[in-house]
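heads up, no residue letters with this:
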């Protein structure tokens, strides 16, 4: 958690380099000062629950402008409650969640509950509803139906407002899970001052973990450790070198625990790891323009964990559903540069696909472009039936799925949440430049 330093208006400054040493300078005659070890990185602070009653939680968030530190770079941006990442919101399965947003920004804004099945009026998408105006408040209310690692961010001027610092983690806990140590890590990239607005692939000066520069450390006093990860970057892929013990993904605990040799978190993705000893999470270069990229691996963060045995996670072991072989909705992803399309259409001039409430439908997503696209659907989770015709080894439930170049994925959707839901690429510049549409779930 990094506090706001001042209220300002500006853009991100470049990092200043230290002056080079003078080779003619005499050698020091006194011992060098020992720099104390860098303080460990902790989880972002949690918001205060204003409702002490069982079965409900209530939070108040204020969105405001200010200056915050991102990996050692001062950023003139926005924040929730004066910190970036914003305070972690917590609930238990079945809780009624109430969040009152006060907007003190100079711009309208909203909160979208990424990965959470909320009523359509609470989704924070503004294509048919008004955003929260400057100086106004809005109260979001919904029931936390599923345990998992989720996050919240605006869905108005999304690319810009997320990049300025408006994001935070939302954790829904299952009280029957093993009571292990927890660590929450919010990942982002530090964009350069000359990164093109509305584009992607601009230079980045590294990753941050809870706004601290990559390469730091965290401490967990007891093992094992449950590490929750969310990638909030606009277009950066966090590719972590394994083996990593993955116990959960977008929608909570996985059906089976697996040791992943490479864990790739696309923008918007989440994962849950179980660490049984001190582990350095290491990033390998990975690009939106095709996957593995040139460069050397770099440490993201070292998590110090006492050696321990695995916890007894209640994974289901469920097998994947069978593909019925029919397709109800097809989304074809195309485009390049500053033009990105779904089914040959650019947002907001799109054809709305429609499904009846309660239908079990197959969505096929085809990527015909020369870039990866994390496909994200609001208001619902979906099961991955296959990737390029290959079914997963166990049931896989997601809400954000990276679709690689020339790849086809088939998804099983239970259309159980009525509304007109946005479906889009979570490379936020791609969504900004047109790769967004609507799927309507209709009653009666």
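Noted; the coordinates are in hand. Here the structure is a predicted model, which is why all the values come from computation and not from measurement.

pLDDT weak spots in the chain?
1-37, 191-205 (pLDDT under 70).

could you chop it up by domain?
Following automatic domain parsing, one finds the domains of the chain at 2-10+36-173, 181-304, 329-442.

what about the helices in the stretch 151-300 of the chain?
Ranges of helices within the stretch 151-300 of the chain are 158-163, based on DSSP state H, counting those that start in this stretch.

related to what we said a few turns ago, kindly reformat the domains of the chain as TSV containing mean neighbour count and distance to residue 317.
Every C-beta, even on glycine, is put in place using the N, C-alpha and C of the backbone. Formatted as TSV, the domains of the chain follow (neighbours: other CB atoms under 10 Å; distance: least, CB to CB, whole Å):
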stretch	mean neighbour count	distance to residue 317
domain 2-10+36-173	19	17
domain 181-304	19	6
domain 329-442	19	7
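
okay, the ones you listed in JSON lines with distance to residue 310 next?
Shown next, in JSON lines, are these (distance: least, CB to CB, whole Å):
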{"stretch": "domain 2-10+36-173", "distance to residue 310": "19"}
{"stretch": "domain 181-304", "distance to residue 310": "6"}
{"stretch": "domain 329-442", "distance to residue 310": "17"}
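
these: which one's closest to residue 319?
Judged by CB to CB, the one of these that comes nearest to residue 319 is domain 329-442, at 6.3 Å.

can you get me the start-to-end distance on the closest one?
15 Å (CA to CA, to the nearest Å).

how far away is the residue nearest the centre of the chain from residue 358?
For the chain, residue 268 is the residue whose C-alpha lies nearest the centre (CA atoms, centre = their mean; 3.3 Å). Noted for residue 268: a distance of 27 Å to residue 358, by CB to CB, to the nearest Å.

kindly report the same for residue 40.
The gap separating residue 40 from residue 358 is 49 Å, by CB to CB.

same check on residue 239?
From residue 239 to residue 358 the distance is 38 Å (CB to CB).

so residue 38 makes contact with residue 216?
Yes. If you go by CB atoms under 8 Å, residue 38 and residue 216 touch, sitting 6.0 Å apart.

quick revisit: residues in contact with the residue nearest to the centre of the chain?
Residue 268 is in contact with 114, 231, 232, 374, 376, 400, 426, counting by CB atoms under 8 Å, 6 or more residues apart in numbering.

repeat that for residue 318.
Taking CB under 8 Å, 6+ apart, we find residue 318 in contact with 255, 394, 395.

between the residues you listed, which sits nearest residue 342?
Using CB to CB, the contacts of residue 318 come closest to residue 342 at residue 395, 26.8 Å.

which outside residues touch stretch 425-432?
Under the contact criterion CB under 8 Å, 6+ apart, stretch 425-432 has outside partners 158-159, 162-163, 198-200, 234-235, 266-268, 288, 333, 335, 340, 347, 371-376, 400, 424, 435-436.

now, which of those lie within strands?
Residues of the contacts of stretch 425-432 located in strands (DSSP state E): 333, 335, 340, 373, 374, 375, 376, 400, 424, 436.

so what's the closest residue to the fourth one other than its chain neighbours bridging to?
Nearest-residue entry for residue 373: residue 425, 4.3 Å, with adjacent residues in sequence omitted and distances by CB to CB, 6 or more residues apart in numbering. With DSSP bridges applied, the residues forming beta bridges to residue 425 are residue 375.

what does residue 183 give?
With DSSP bridges as the rule, residue 183 is bridged to residue 227.

tell me the contacts of it?
43, 218, 220, 225, 226, 227, 228, 303.

what about the helices in the stretch 301-444 of the chain?
For the stretch 301-444 of the chain, the helices defined by DSSP H, counting those that start in this stretch occupy 428-432.

how close does the residue lying closest to residue 118 once chain neighbours are set aside get to residue 121?
Leaving out its chain neighbours, the residue that sits closest to residue 118 by CB to CB, 6+ apart is residue 142, at 4.1 Å. If you measure residue 142 against residue 121 using CB to CB, the figure is 10 Å.

nice, that's everything, thank you.
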